[in-house]
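Q: Next comes the sequence, and after it the predicted model I'd like to discuss.
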Amino acid sequence: MARIVMKFGGTSVADLNRIHNVARHVKREVDAGHEVAVVVSAMSGKTNELVGWVENMPKVAGSNAPFYDAREYDAVVASGEQVTSGLLAIALQSMGINARSWQGWQLPIKTDNAHGAARILEIDGADVIRRMGEGQVAVVAGFQGLGPDNRLATLGRGGSDTSAVAIAAAVKADRCDIYTDVDGVYTTDPRIEPKARRLKKIAFEEMLEMASLGAKVLQVRSVELAMVHKVRTFVRSSFEDPDAPGMGDLMNPPGTLICDEDEIVEQEVVTGIAYAKDEAQISLRRLADRPGVSAAIFGPLAEAHINVDMIVQNISEDGSKTDMTFTVPSGDVDKALRVLGDNKEKIGYDVIQSESGLVKVSVIGIGMRSHAGVAASAFRALADKGINIKAITTSEIKISILIDGPYAELAVRTLHSVYGLDKS
Ligand code: ADP
Ligand code: ASP
Ligand code: MG
């Protein structure tokens, strides 16, 4: 007997038929004698609809900004998961399974105060463990918790993955299965590159990079938690027949295992390609080349909660003036330009330029630590396709390249094939 946490994403619970199908997956594990907790997302499209409602509220008089209250945003957008947790509990009961729903505040899943992007601080798993021992399935609403202000808090888009892994850690589950609409983690997004291959295993560090660099198959924070708490996490499909052979395999269910790198016997140099759309580039021209300039630029941007990513500073020709280029999410460009405009005197630049609609394509692999020439192959392959590189950043296990938006798919496919990732 094992203790298993099963998480089902939006497409897996998109309508009543799919919820019934999810209940069959849960029944399989219950019938095998396992203790089961389930985490559900909202029906697909629901969270977007709820976010849209909040964003389309009346504008503040004399301004273009809508009324906004992050705590009420959370109260609205958390409701999608409340609905699916109740519906799945009913579907399970209708199959003769003892089940009940839990909202984040009922466990409780305690979070910090960052409404809209809260972090889980603590989960009291005692009640769920006791009831699982009595044969009851806990159906937990993902994406939500309770803040220190005693109000609903949500965990950021894609946050149900994080709820699932955090609950798995709290109840000391043997396994956390993330069920989605693909049957595992692929070498790149299979929607962009049909030749992408499913990975049997991927190391935590690589999955962390893939997720941070745009592969939304798992929320970044869920991978961090799985890595820290050593949660045995599988990504697998809810769209397969729940009773197909092997689906109930305890140690090796079909899907991709996220694990320590020592568990991976045949490590490739490059494991995957990720891409992130909606990047924007800002350049400050003819800056004074003196100590404190970077602090004068990035300090105020950080205070305005703007996430700066790639940073490139030119070597100054004559030691007096230089240029600085960096990227921010497209949605933050206007705010960033405003902040930099307000600080023009202090920073001391001549001209500011910006460009939106860029894409960051990244090559990821632990094997890069010990192999030279990986970056050079990427640059050559992109050049051969006439794709211009606007900025580059590297770390031990990744190379990120900024390019024009329209070339995104071509770049992903080109890099995927150059590193031999295409399935044969
Ligand atoms: P869910 O609603 O189940 O949480 P998501 O839409 O958040 O599902 O994540 C699954 C999607 O992630 C897939 O449909 C796929 O298009 C996308 N994806 C991006 N990169 C990858 C990758 N490397 N491997 C698998 N899926 C990926
Ligand atoms: N429903 C939330 C979202 O769409 C959380 C999740 O699906 O993981 O972002
Ligand atoms: Mg998701």
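A: Thanks, I have the structure now. Residues are numbered from 1 along each chain as shown. Ligands and ions are numbered 1, 2, ... in the order given.
Q: all contacts plus neighbour counts: C-alpha atoms, from now on.
A: Fine.
Q: the helices in this structure, which residues?
A: Along the chain, counting by DSSP state H, helices occupy 16-31, 46-55, 70-77, 79-94, 126-133, 160-170, 204-212, 220-229, 293-303, 333-342, 344-347, 374-384, 408-418.
Q: for these, which one ends up most surrounded?
A: Highest mean neighbour count of these: helix 160-170, a mean of 27 (counted as mean count of other C-alpha atoms under 10 Å).
Q: The stretch 101-250 of the chain against ligand 2: which residues are in contact?
A: Phe143, Arg157, Gly158, Gly159, Ser160, Asp161 (C-alpha under 6 Å from any ligand atom).
Q: Measure how buried Asp249 is and give me the count.
A: Applying other C-alpha atoms under 10 Å, we find 10 residues neighbouring Asp249.
Q: how about low-confidence regions in this protein?
A: Counting by pLDDT under 70, the chain contains low-confidence ranges at 64-66.
Q: For the residue nearest to the spatial centre of it, list the residues it contacts.
A: Geometric centre of the chain, nearest residue: Gln219, 2.6 Å, by C-alpha atoms, centre = their mean. Under the criterion of C-alpha atoms under 8 Å, 6 or more residues apart in numbering, the neighbours of Gln219 are Arg157, Gly158, Gly159, Asp161, Thr162, Ala211.
Q: so can I have CSV of those showing distance to Leu340?
A: Converted to CSV, the contacts of Gln219 look like this (distance: C-alpha to C-alpha, whole Å):
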residue, distance to Leu340
Arg157, 28
Gly158, 31
Gly159, 32
Asp161, 36
Thr162, 35
Ala211, 30
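Q: Give me the nearest residue to Ser283, chain neighbours excluded.
A: With C-alpha to C-alpha, 6 or more residues apart in numbering as the criterion, Ser283 has its nearest non-adjacent residue at 4.2 Å, and that residue is Thr325.
Q: That neighbour and Ala280 touch, don't they?
A: No. Thr325 lies out of contact with Ala280 (C-alpha atoms under 8 Å); the separation is 10.4 Å.
Q: more crowded one of those two?
A: Ala280 (23 against 19).
Q: Just to check, that one is in contact with Leu337?
A: No. Counting by C-alpha under 8 Å, Ala280 does not reach Leu337; the two are 11.4 Å apart.
Q: The longest strand along the chain pairs with which strands?
A: Scanning the chain for the strand with the most residues, using DSSP state E, yields strand 272-288. Applying DSSP bridges, strand 272-288 is found paired with strand 321-329 (antiparallel), strand 351-364 (antiparallel).
Q: Helix 204-212 and the last one, what's the angle between them?
A: Pointing back at strand 351-364 there. 140 degrees (axes from the mean of the first three to the mean of the last three C-alpha atoms, to 10 degrees).
Q: quick one, strand 351-364 and helix 333-342 angle?
A: Going by the same axes, to 10 degrees, strand 351-364 makes 130 degrees with helix 333-342.
Q: Can strand 351-364 be said to contact ligand 1?
A: No. Contact between strand 351-364 and ligand 1, assessed by C-alpha under 6 Å from any ligand atom, is absent, since the two come no nearer than 10.8 Å.
Q: buried residues in that strand?
A: Ile352, Ser356, Leu358, Val359, Lys360, Val361, Ser362, Val363, Ile364 (16 or more other C-alpha atoms under 10 Å).
Q: list the contacts for the residue lying closest to the first one once chain neighbours are set aside?
A: Think Ile352. Once flanking residues are discounted, Ile352 sits nearest to Leu284: 4.7 Å by C-alpha to C-alpha, 6+ apart. With contact taken as C-alpha under 8 Å, 6+ apart, Leu284 is in contact with Asp323, Met324, Thr325, Tyr349, Asp350, Val351, Ile352, Gln353.
Q: which one among the residues you listed gets closest to ligand 2?
A: For the contacts of Leu284, the residue nearest ligand 2 by C-alpha to the nearest ligand atom is Thr325; the value is 31.1 Å.
Q: How much space separates the residue nearest to Ser283 from Glu355?
A: 11 Å (C-alpha to C-alpha, to the nearest Å).
Q: tell me, what's touching the two both at once?
A: Contacts common to Thr325 and Glu355, judged by C-alpha under 8 Å, 6+ apart, are Gln281, Ile282.
Q: can you tell me if the longest strand of the chain touches ligand 1.
A: No. Applying C-alpha under 6 Å from any ligand atom, one finds strand 272-288 separated from ligand 1 by no less than 6.7 Å.
Q: Could you count how many residues lie near Glu261?
A: 15.
Q: Quick check: residues of the protein near ligand 1?
A: Residues of the chain lying near ligand 1 (C-alpha under 6 Å from any ligand atom): 9-11, 158, 180-182, 184-191, 215-217.
Q: Quick one, which of these are buried?
A: 9-11, 158, 180-182, 184-189, 215-217.
Q: Could you identify the most distant pair in the residues you listed?
A: Within these, two members stand farthest from each other by C-alpha to C-alpha: Gly10 and Thr187, at 22.4 Å.
Q: need the contact list for Ala91.
A: Here Ala91 is in contact with Ile19, His20, Ala23 (criterion: C-alpha under 8 Å, 6+ apart).
Q: Could you dump the residues you listed into TSV and include distance to Asp342?
A: Formatted as TSV, those follow (distance: C-alpha to C-alpha, whole Å):
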residue	distance to Asp342
Ile19	52
His20	55
Ala23	55
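Q: ok, which residues in the stretch 251-400 of the chain are in contact with ligand 2?
A: So the stretch 251-400 of the chain never meets ligand 2 (C-alpha under 6 Å from any ligand atom).
Q: Residue of the stretch 251-400 of the chain nearest ligand 2, please.
A: The nearest approach of the stretch 251-400 of the chain to ligand 2 comes at Ala276, 16.6 Å away (C-alpha to the nearest ligand atom).
Q: which residues touch that residue?
A: Going by C-alpha under 8 Å, 6+ apart, Ala276 touches Leu213, Gly214, Ala215, Val359, Lys360, Val361.
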